[in-house]
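**Student:** My questions concern the predicted model and sequence given below.
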Amino acid sequence: MTIWLVTGGCGFIGSHLCAALVAAGQRVRVLDNLSTGRRENLVPGAELLVGDVGDPELLATPQGRKWYDEIRGGKGAEAAIDIITSFGKGQLPKGFPVPGTAAYRNAWQQTIKAAETYNEPGRFTAFIGFEWTSNTGGNNLHRNVIFRGSGPQASLVEPFTTQPPLGSDNPVDLWKYMAATEQKTGSEVLAIAHNGNLSNGRMFPIVEAFGKKLDKEYVQTRAKWEPLYETTQTKGTGEAHPFLSPNDEFANFEIWDKGNLDGSVPKTKDMLELEYARAGLKNGLKLEAQLGTNPYKFGMIGSTDAHTGLAAVEEDNFFGKTAPQEPSPERMTAVFIDNPKTGVKIMDWEVGASGFAAVWATENTREAIFDAMKRREAYGTTGPRMIVRLFGGWDFAPGDANNRMPAAVGYAKGVPMGGDLRSAPQGKSPTFLVAALKDSIGANLDRIQIVKGWLDKDGKTQERVYDVVVSGGRAIDADGRCKTPVGNTVDVENATWTNTIGAPELITVWKDPQFDANHRTFYYARVIEIPTPRWTAYDAKRFGTKPVPGTTMVLQERAYTAPIWYAP
C-alpha cells in the first residue's frame with residue numbers, strides 16, 4: 001500500500017506524520033508541487049516527488065495515466081489534443097480537478113501568487129485572471145476573466161468551470177458567476193472573448209443563444225461584462241471576411257474558416273456573419289434598435305493565445321503557438337489540425353504570429369489599465385508595436401493634424417476610441433483625428449483607413465471602407481479609395497525588405513462625407529503596413545525548408561482600433 005502526502009509533506013507537521021507512517025512500515029510518497037526540494041526535512045524511507053508528478057486521483061484513472069505517460073514520454077502534443085477533445089466532448093475522467101478539490105484550489109493559488117509576485121505598479125502590471133474554456137462540440141467560446149483587484153480578493157473565489165454540475169458552457173452562466181464574484185470579493189471583473197472564427201457561428205448570436213431567444217436581459221448583461229473582443233491571434237484574424245466584405249481588398253488576411261477548434265464540424269458560409277468582428281459590430285446596431293442595448297459594443301484587441309509563456313509574435317522571432325510549433329525545419333510542413341472524419345485540415349504554416357493588445361491608460365497599474373479596458377480605449381495589432389490614436393468629434397479641423405501632441409487636441413475636442421458621439425449638431429458631420437506611428441524597428445505604413453458601419457432607414461446593416469491618408473503622395477479618389485498599391489520591396493528568398501516605401505507616420509483629419517444623423521453608426525481605424533516577410537519566409541531561409549504549395553510568405557501587418565459609436 002502506498003500513502004500519499006500532498007503538498008507540505010516536508011514541513012514540520014508533515015515530517016512527523018511521515019515518520020510515523022514510515023515507522024509503521026508504510027510506503028510513503030510525498031507530493032510537494034510547491035516545494036523547492038527541501039530534502040533536509042524528508043524522513044528517511046519516504047520518497048519526495050517535486051513538480052510534474054501529477055495528481056494521485058487523476059493518475060488512478062486509465063485516461064489520466066495515459067496522458068501522464070504520453071507527456072513524460074515526449075508525446076505532450078498528442079496528450080494535449082486528446083485532453084482538449086475529451087474536454088469538448090465532456091468526457092474528462094473521474095478525478096479531473098474541479099472546483100473544491102485541492103488540486104484545483106492549488107492551481108488557482110499558484111496563479112494568484114505569480115501575479116502578485118511580479119506585479120510592480122508603475123513598471124510592470126500583472127493581472128490575476130483565468131480562462132473559461134467553453135468548447136462543447138469543438139465550438140470555441142473561450143473567455144479570459146480579468147480581476148481588477150488584489151490577491152486576497154481573488155482568493156475568496158475559485159475560477160468558474162465549464163464542466164457540469166459545478167459549471168456551465170453557457171456564457172450567460174459565466175456572467176452570473178462574474179456578478180456573484182464582484183459582490184463577494186469587492187473586485188471588479190471583466191471578460192474578453194477569444195477570436196470567434198472557431199465558434200462555428202456561435203460567437204455573435206442575433207436570434208438565440210443556447211436555445212434561448214435573445215432578450216433585453218441578454219444584451220444588457222453581455223454589454224456589461226464584455227467590453228473588449230480579441231480580434232486577432234495565432235489561430236487566425238477575425239476582423240473581416242471576404243465573403244462578408246467583398247469590396248474590402250484587405251479583408252482576406254490570415255483567415256481560418258475551415259471548421260471549429262477540433263475540425264469536427266466543417267465551416268459553412270452562413271456561420272461567418274456570427275463569427276467576425278465587423279459583422280458583430282454591425283449586428284450590434286440592429287439589436288440595439290430592437291432591444292435597446294448594443295451587446296456587441298466592444299473594443300478590438302489582439303493577443304497571442306500562445307501556450308509557450310513567450311510574447312514572441314514578431315515574424316522574424318516567432319516561437320509558435322505551442323512547444324511543438326517552435327522553430328524547426330519541420331514546422332512549416334507539419335499539420336496543426338487534421339480531422340480524418342470531416343477532412344478539415346489546418347497546417348502549421350497557417351498559424352499566425354499575432355497579436356498584441358494596447359490600451360491608453362493614465363498609468364501602468366492594474367486599476368488604470370483595467371479602467372481603460374472597461375471604457376474600451378484600446379486597440380490591437382497583428383504583431384507590430386504601432387502607436388495608434390483615434391478621436392471623434394464635431395469640430396476637428398485639418399490644421400489639428402499638424403499638432404505634434406494629437407492627444408491634447410483630441411481629448412479637448414472629442415472622444416477617444418471606444419467612446420460615443422451623441423446629439424449631432426444641426427447640419428454637421430462627425431470629424432475624426434486619426435494618427436499612427438510605425439513600430440520603432442518595424443515596417444513603414446501604407447495607409448490608414450476608416451471602417452464605417454451603419455443601420456439604414458430600412459433596418460439593414462451597411463458598411464464602407466475609406467482610405468483617409470496614404471503614404472507616398474498617392475491619390476485618394478472621390479469614392480474615398482486609393483487604388484494605387486504602395487509597392488512591395490520583399491525579397492522572399494532572403495527574407496528581407498526595405499523601408500524605402502511607405503511612411504514612418506501618418507496623421508489626418510477626416511470628415512464623413514455621407515453622414516445621416518438618423519442612422520446608428522460606428523467608425524474604427526485600420527492601419528496597414530507595407531508588405532513584409534511572413535514568419536514562413538524566415539523559416540524557409542533559416543532552415544532551407546521548401547514551402548508546401550499555397551503557403552503565405554508575405555503579409556501586410558495591421559492594427560485595429562476600438563470603434564467610436566454614434567447614436568441618434
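**Tutor:** Received, thanks.

**Student:** and the nearest residue to residue 158 once chain neighbours are set aside, how many residues sit next to it?
**Tutor:** Counting by C-beta to C-beta, 6 or more residues apart in numbering, residue 99 is the residue found nearest to residue 158 once chain neighbours are left out, at 4.7 Å. All C-beta atoms are positioned from the backbone trio N, CA, C, and that covers glycine. For residue 99, the count of nearby residues is 15 (other C-beta atoms under 10 Å).

**Student:** Look up how far residue 162 lies from residue 99.
**Tutor:** For residue 99, the distance to residue 162 (C-beta to C-beta, to the nearest Å) stands at 11 Å.

**Student:** that older thread, now do the contacts for the residue nearest to residue 158.
**Tutor:** Residues near residue 99 by C-beta atoms under 8 Å, 6 or more residues apart in numbering: 158, 159, 160, 161, 166, 167.

**Student:** for residue 184, same thing?
**Tutor:** So residue 184 contacts 156, 157 (C-beta under 8 Å, 6+ apart).

**Student:** any low-confidence regions in the stretch 251-400 of the chain?
**Tutor:** Scanning the stretch 251-400 of the chain for pLDDT under 70 picks out nothing.

**Student:** Now do the strands in it.
**Tutor:** Ranges of strands within the stretch 251-400 of the chain are 299-302, 335-339, 344-347, 356-359, 378-381, 387-393, based on DSSP state E, counting those that start in this stretch.

**Student:** strands paired with the one helix or strand residue 467 maps to, and their directions?
**Tutor:** Taking DSSP states H and E as the definition, residue 467 sits inside strand 461-470. Here strand 461-470 is paired, per DSSP bridges, with strand 445-455 (antiparallel).

**Student:** Restricting to C-alpha, output the strand holding residue 467 in CSV.
**Tutor:** The C-alpha trace of strand 461-470 is given here as CSV (Å, rounded to 0.1, in the frame of the first residue of the first chain):
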residue,chain,number,x,y,z
THR,A,461,-26.8,47.0,-41.9
GLN,A,462,-24.3,48.6,-44.3
GLU,A,463,-20.5,49.1,-44.3
ARG,A,464,-17.9,51.1,-46.2
VAL,A,465,-14.1,51.4,-46.1
TYR,A,466,-12.5,54.7,-46.6
ASP,A,467,-8.8,55.4,-47.3
VAL,A,468,-8.3,58.6,-45.3
VAL,A,469,-4.5,59.1,-45.5
VAL,A,470,-1.9,57.2,-47.6
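
**Student:** What mean pLDDT does it get?
**Tutor:** In this model, strand 461-470 has an average pLDDT of 98.

**Student:** And the contacts of that strand?
**Tutor:** Outside strand 461-470, the residues that touch it by C-beta under 8 Å, 6+ apart are 245, 247-248, 250, 278, 282-283, 285-286, 432, 434, 446-456, 476, 480-482, 486, 506-508, 510, 514, 526.

**Student:** can you rerun that using 6 Å?
**Tutor:** With contacts defined as C-beta atoms under 6 Å, 6 or more residues apart in numbering, strand 461-470 is touched by 248, 282, 286, 447-456, 476, 480-482, 506, 508, 510.

**Student:** can you pull out the helices in the stretch 101-250 of the chain?
**Tutor:** Using DSSP state H, counting those that start in this stretch, the helices found in the stretch 101-250 of the chain span residues 102-118, 151-154, 171-185, 216-225.

**Student:** The second one packs against which elements?
**Tutor:** Put plainly, it is helix 151-154. Applying 3 or more C-beta pairs under 6 Å, 6 or more residues apart in numbering; DSSP states H and E, one finds that helix 151-154 contacts helix 102-118.

**Student:** who does the helix it packs on touch, helix- and strand-wise?
**Tutor:** Helix 102-118 packs on helix 151-154, going by 3+ C-beta pairs under 6 Å, 6+ apart.

**Student:** could you redo the last one with a cut-off of 8 Å?
**Tutor:** Applying 3 or more C-beta pairs under 8 Å, 6 or more residues apart in numbering; DSSP states H and E, we find helix 102-118 packed against strand 128-132, helix 151-154.

**Student:** Residue 420 is nearest to which of these?
**Tutor:** Of all the helices and strands packed on helix 102-118, strand 128-132 sits nearest to residue 420, with 27.2 Å by C-beta to C-beta.

**Student:** Now list the buried members of the contacts of strand 461-470.
**Tutor:** For the contacts of strand 461-470, a burial check counting by 16 or more other C-beta atoms under 10 Å picks out 248, 282, 286, 447-455, 476, 480-482, 506, 508, 510.

**Student:** low pLDDT regions in the chain?
**Tutor:** 1-54.

**Student:** could you redo the last one with a cut-off of 50?
**Tutor:** Counting by pLDDT under 50, the ranges of the chain that qualify are 1-22, 28-43, 46-51.

**Student:** Please parse it into its domains.
**Tutor:** As recorded under automatic domain parsing, the domains making up the chain are 3-98, 103-356, 384-566.

**Student:** will you turn these into TSV that also has distance to residue 368?
**Tutor:** Below are the domains of the chain laid out as TSV (distance: least, C-beta to C-beta, whole Å):
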stretch	distance to residue 368
domain 3-98	32
domain 103-356	9
domain 384-566	14
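
**Student:** of the ones you listed, which approaches residue 364 most closely?
**Tutor:** domain 103-356 (5.5 Å).
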